[in-house]
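Novice: Provide a 3D model corresponding to the input given below.
(one chain, ligands or ions: 3)
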Amino acid sequence: MQVLKFGGTSVGSVDSIKQVIQIIENHRQNGDQITVVFSAMGGITNQLIEIGRMATTGETDYMELVRRIEDRHFNVIKALIPVKEQSKVFAHVRGIINELEDLLRGVSLIRELTLRTHDLITSFGERLSTTIITECVKSRGIPAQFCDARKIIKTDAQFGQAEVNYTLTNQLVQEHFAKTSDLQLVTGFIGSTEKNETTTLGRGGSDYTASILGAALNAEVIDIWTDVDGMMTADPRKVPNAFNIPTITYAEAMELSHFGAKVIYPPSLQPAFARNIPVRVLNTFNPTHAGTVVSRTAERRQYTITGISSIDDIALVNVQGSGMIGVAGVSAKLFGVLAAHKISVILISQASSEHSICFAIDPRGAENVKTILDAEFATEIAHGHIDNIAIERDLSVIATVGEGMKKSSGIAGKLFSVLGKNGVNIVAVAQGSSEINISVVINKNNLSKALNSLHNIFFQSEARVLNLYLVGTGLIGKTLLQQIYNQSEYLRSEKLLKVCVVGMTNTKKMVLDTRGISLDGWRERLLTDGVTTSLPAFVEKIKDYNLPNSVFIDCTSDKDIVQFYESLLDANISVVTPNKVANSGPYSEYRRLQRTALNRGVKFLYETNVGAGLPIINTVQGLMTAGDRFLKIEAILSGTLSFIFNTFRPGISFADVVREAKEKGYTEPDPRDDLSGLDVARKILILAREAGFPLEPEDVTIDTLLPESCLAAPTIPAFFEELERNNDYFENLLAEAETKGEKLRFVASFENNKATIGLRPVGVEHPFYQLTGADNIVSFTTERYKDRPLVIKGPGAGAEVTASGVFADVVSIGSYLA
Ligand SMILES: NC(=O)C1=CN([C@@H]2O[C@H](COP(=O)(O)OP(=O)(O)OC[C@H]3O[C@@H](n4cnc5c(N)ncnc54)[C@H](OP(=O)(O)O)[C@@H]3O)[C@@H](O)[C@H]2O)C=CC1
Ligand SMILES: N[C@@H](CC=O)C(=O)O
Ligand code: NA
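Specialist: Ligands and ions are numbered 1, 2, ... in the order given. Predicted structure coming up:
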């Protein structure tokens with residue numbers, strides 16, 4: 001025997017009832033012996049409750065609602081039962097509705113609704129749905145019988161939530177089923193007392209009916225047909241990556257449902273559980289999906305945890321005081337009084353110091369709880385043994401559930417670490433000794449971020465999402481987007497990293513979309529959906545979204561944007577940038593950003609500040625971490641100037657060579673920054689700082705290579721004009737060097753706390769002499785690299801190598817967060 005149960009949405013419309021009948025027919029074709037339980041059509045039970053309420057107040061409009069209920073059932077008859085059989089069924093249903101109307105008239109007369117009458121009113125939902133479906137099934141030639149559960153499920157007289165008399169019920173069920181071979185279609189949710197008064201079975205009612213029948217008939221399986229593909233690893237409305245759980249134990253299902261997973265109500269499965277009958281949760285609207293099997297033992301799984309659930313709004317009550325330490329009975333008194341007032345406690349946590357106990361409750365009852373406890377502990381509070389009862393609101397609780405957590409170490413570590421890296425503060429923690437649930441209380445505004453980052457980390461085979469916000473879609477920004485686009489498949493399959501650009505902006509337009517901006521059409525998206533740029537608004541939105549694993553990428557050379565870095569880092573958002581402005585201002589600002597990132601456990605990365613994608617900053621940081629000490633740095637740090645002095649020849653215009661450097665993507669957005677030496681000054685300053693020296697910008701001496709008039713040029717076109725005018729000056733510089741067999745190199749050096757930069761002619765014996773193209777070279781002399789320096793050399797400017805360095809920083813954050 002198999003027991004099937006169809007919930008409210010499954011029997012909620014003509015189309016869905018057709019689906020249900022199809023499922024029943026499939027079972028019959030397979031030769032399965034089945035019994036089917038039905039809920040009321042979706043929404044009807046609530047309407048019946050409302051009708052009952054209206055009747056007690058004397059409102060007569062309830063008749064209108066009764067008509068609507070009747071119409072909904074009549075429409076099913078019209079659609080699914082052959083015309084010539086309809087009138088008989090209409091009459092039958094009308095009879096049931098008449099009974100309801102008589103009852104309501106009575107209620108309306110005495111203006112009183114007892115729980116007993118309430119149960120009787122709500123019983124009509126299941127009676128109506130099951131009646132019409134029985135007729136539909138019979139009209140298809142299937143021998144079927146309507147079975148009113150009130151005849152076989154016997155309960156006590158606790159109306160609203162009656163207790164089942166299993167001995168009597170089992171006997172009645174077995175007798176009933178022994179008498180007939182017709183398919184039994186049973187009303188869910190209802191039963192009756194021994195005096196035949198109608199009762200209801202409380203929360204999870206129809207599932208409970210299926211479970212009672214399954215247990216009494218020793219069914220091989222109970223199928224709960226719903227409108228979702230079984231239970232999910234998390235609520236898919238909050239965690240888009242949530243997926244189906246194929247098997248789950250009763251205990252896990254119980255824990256998850258306590259924390260808000262509402263697909264089934266596991267306590268109602270207790271009779272099935274006691275007899276070790278598996279329960280399948282299936283989708284009426286996707287019947288071939290395997291759903292979820294709930295059973296005593298789940299098969300071995302891929303993941304250590306089974307699901308994550310949450311209660312979105314809770315309040316935490318904190319009872320603390322020195323008078324609690326070592327005093328027996330405080331918690332007994334506390335929880336005794338809560339129980340006496342029927343206050344349900346969601347979670348409890350007590351530190352072993354016994355100094356405080358905190359517990360979570362429904363926030364709607366918080367004021368009441370405070371009043372109760374203030375009264376109960378009035379003496380202790382008056383004597384100062386217990387502090388005032390404190391209530392904290394706007395909190396959520398997240399439960400991480402799984403049998404796989406039992407005796408497996410590192411789970412809590414992982415949980416706290418991922419929340420920590422995402423800046424989610426943990427207010428309280430509880431783990432039961434069953435070890436299948438770790439619950440954390442957090443601020444409500446972090447709920448979505450916490451759920452998503454936990455889901456991401458525990459369900460490892462799915463790619464972890466890295467959420468990127470890009471400012472600047474110029475040369476470097478657009479090249480970066482192209483590289484991300486080209487590499488996304490590799491990152492997803494080989495690094496389990498899903499890189500998702502969720503915001504982008506330039507000086508004109510900005511667009512934000514938490515679902516991600518498609519990278520093969522980002523320009524169009526920016527044009528069509530973009531709104532006028534406002535950097536403060538962009539940054540505020542990023543903080544508002546509060547997405548896990550967020551990275552802000554600044555691909556501008558803007559000076560003002562850096563003012564946002566600190567608050568972003570403070571909000572646990574990592575920052576990656578090729579922009580040198582933040583790191584080359586006052587030392588205190590540089591230091592503050594480093595500290596903020598460190599304190600927040602997020603990353604501030606800027607490898608491309610020096611030598612573009614060449615691993616220069618990482619190398620310096622590596623040496624520093626390992627305890628080396630820097631003695632001297634000598635370097636060529638400008639790709640632009642390298643290129644210029646490797647290309648400029650007598651007879652070629654110097655200005656044209658600079659133009660060519662710009663076209664090749666080597667220069668700063670404003671090439672005056674390269675030619676004036678400012679760009680190199682920033683780089684040597686950053687290198688010195690990374691090497692542990694607290695230099696200020698004014699500590700860098702610049703021997704400029706430009707004539708005064710070029711330096712003073714007010715615009716970029718005027719600058720190029722000045723370069724044209726000074727062509728002789730540059731030719732002379734070159735000629736002078738060449739006569740000595742030397743080459744011109746713009747060299748930066750740092751030694752004895754002093755940084756200098758300037759044009760230096762270098763002879764053939766000098767290591768910088770051979771440099772070609774736009775290459776950079778850096779030579780580090782340190783305590784450990786003293787006899788021969790550590791040298792890094794290669795292309796130090798250009799869109800591809802720079803974007804690639806930015807990209808590498810971004811991906812390293814992905815690995816760190818994982
Ligand atoms: N080229 C190279 O080899 C290297 C460059 N870098 C650094 O990379 C950075 C970017 O350079 P590059 O791509 O050439 O510069 P571009 O001028 O090509 O692009 C800058 C982008 O930033 C946008 N932008 C500027 N200010 C703002 C603002 N306030 N708000 C929003 N958007 C803004 C611009 O918008 P719009 O499009 O509307 O003008 C543009 O899209 C610079 O800091 C540079 O120093 C670092 C290492 C090497
Ligand atoms: N304009 C710079 C680019 C890298 O920072 C250069 O020429 O080196
Ligand atoms: Na670099």
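
Novice: those residues of the chain touching ligand 1, which are they?
Specialist: 471-477, 505-508, 533, 535, 555-558, 561, 578-580, 608, 612, 639, 665-666, 668-669, 797-798, 802 (CB under 6 Å from any ligand atom). C-betas here are computed from N, CA, C, even on glycine.

Novice: tell me the spacing between V337 and ligand 3.
Specialist: Here the criterion is CB to the ion, to the nearest Å. By it, V337 lies 65 Å from ligand 3.

Novice: give me the number of neighbouring residues for that residue.
Specialist: 16 (other CB atoms under 10 Å).

Novice: with G95 instead?
Specialist: Applying other CB under 10 Å, we find 10 residues neighbouring G95.

Novice: which of the three states applies to it?
Specialist: Secondary structure state of G95, per DSSP: H, G, I helix; E, B strand; the rest coil, is helix.

Novice: so what pLDDT did it get?
Specialist: According to the predicted model, the pLDDT of G95 comes to 97.

Novice: the residue of the chain at minimum distance from ligand 1: what's it in contact with?
Specialist: Each residue of the chain has a distance to ligand 1, by CB to the nearest ligand atom, and the smallest belongs to G474, at 1.8 Å. Contacts for G474 (CB atoms under 8 Å, 6 or more residues apart in numbering) come out as 506, 555-556, 669.

Novice: out of those residues, who's the most crowded?
Specialist: With neighbours set by other CB under 10 Å, the maximum within these is found at C555, which has 27 neighbours.

Novice: pretty sure that residue is touching I561, no?
Specialist: No - with contacts defined as CB atoms under 8 Å, C555 does not count as touching I561, sitting 10.0 Å away.

Novice: overlap in contacts of these two?
Specialist: Shared contacts of C555 and I561, defined by CB under 8 Å, 6+ apart, are found at 471, 579.

Novice: partner strands of the top strand by length along the chain, parallel or antiparallel?
Specialist: When the chain is parsed with DSSP state E, its longest strand is strand 307-320. Paired strands of strand 307-320, with direction, are strand 356-361 (antiparallel), strand 390-401 (antiparallel) (DSSP bridges).

Novice: and that strand, what's buried?
Specialist: Along strand 307-320, the positions that meet the burial threshold by neighbour count (16 or more other CB atoms under 10 Å) are 307-311, 314-320.

Novice: switch those over to JSON lines; also include distance to N599.
Specialist: Output for the buried residues of strand 307-320, formatted as JSON lines (distance: CB to CB, whole Å):
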{"residue": "G307", "distance to N599": "33"}
{"residue": "I308", "distance to N599": "28"}
{"residue": "S309", "distance to N599": "31"}
{"residue": "S310", "distance to N599": "28"}
{"residue": "I311", "distance to N599": "31"}
{"residue": "I314", "distance to N599": "29"}
{"residue": "A315", "distance to N599": "30"}
{"residue": "L316", "distance to N599": "26"}
{"residue": "V317", "distance to N599": "31"}
{"residue": "N318", "distance to N599": "27"}
{"residue": "V319", "distance to N599": "32"}
{"residue": "Q320", "distance to N599": "28"}
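
Novice: which single one of those residues is nearest to V762?
Specialist: Of all the buried residues of strand 307-320, the one with the least separation from V762 (CB to CB) is I308, at 62.1 Å.

Novice: what's near enough to touch that closest one?
Specialist: Shown in contact with I308 (CB under 8 Å, 6+ apart): 233-234, 239, 398-401, 451, 454-455, 458.

Novice: what's the answer for C710, then?
Specialist: C710 sits next to 675, 719, 722-723, 726 when contact means CB under 8 Å, 6+ apart.

Novice: most surrounded residue in those?
Specialist: Each of the contacts of C710 was scored for neighbours by other CB under 10 Å, and L675 scores highest at 27 neighbours.

Novice: ok, that residue touching A713?
Specialist: No - L675 is beyond contact range of A713, at 10.0 Å (criterion: CB under 8 Å).

Novice: list residues touching both of these two?
Specialist: F719.

Novice: sorry, back to before: the residues of the chain next to ligand 1, buried ones only, as a PyMOL selection?
Specialist: In PyMOL, a selection of the buried entries from those looks like this (16+ other CB under 10 Å):
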select buried, resi 471+472+473+475+476+477+505+506+535+555+556+557+558+561+578+579+580+608+612+639+665+666+668+797+798+802
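
Novice: which of the residues of the chain next to ligand 1 fall in strands?
Specialist: Among the residues of the chain next to ligand 1, the members found in strands (DSSP E) are 471, 505.

Novice: hmm, back to that, I81: which of the strands paired with strand 307-320 is closest?
Specialist: With CB to CB as the yardstick, what comes closest out of the strands paired with strand 307-320 is strand 390-401 (45.2 Å).

Novice: buried sites along that closest one?
Specialist: Counting neighbours by 16+ other CB under 10 Å, one finds that the buried residues in strand 390-401 are 391-392, 395-401.

Novice: model confidence over that strand, on average?
Specialist: 95.

Novice: thinking again about what came up before, of all the strands paired with strand 307-320, which one is nearest ligand 3?
Specialist: Nearest to ligand 3 among these is strand 390-401 (39.8 Å), distances taken as CB to the ion.

Novice: right, and the helix or strand after that closest one?
Specialist: helix 411-421 (DSSP states H and E).

Novice: and the angle from that next one to strand 390-401?
Specialist: In this structure, helix 411-421 runs at an angle of 120 degrees to strand 390-401, with axes from the mean of the first three to the mean of the last three CA atoms, to 10 degrees as the basis.
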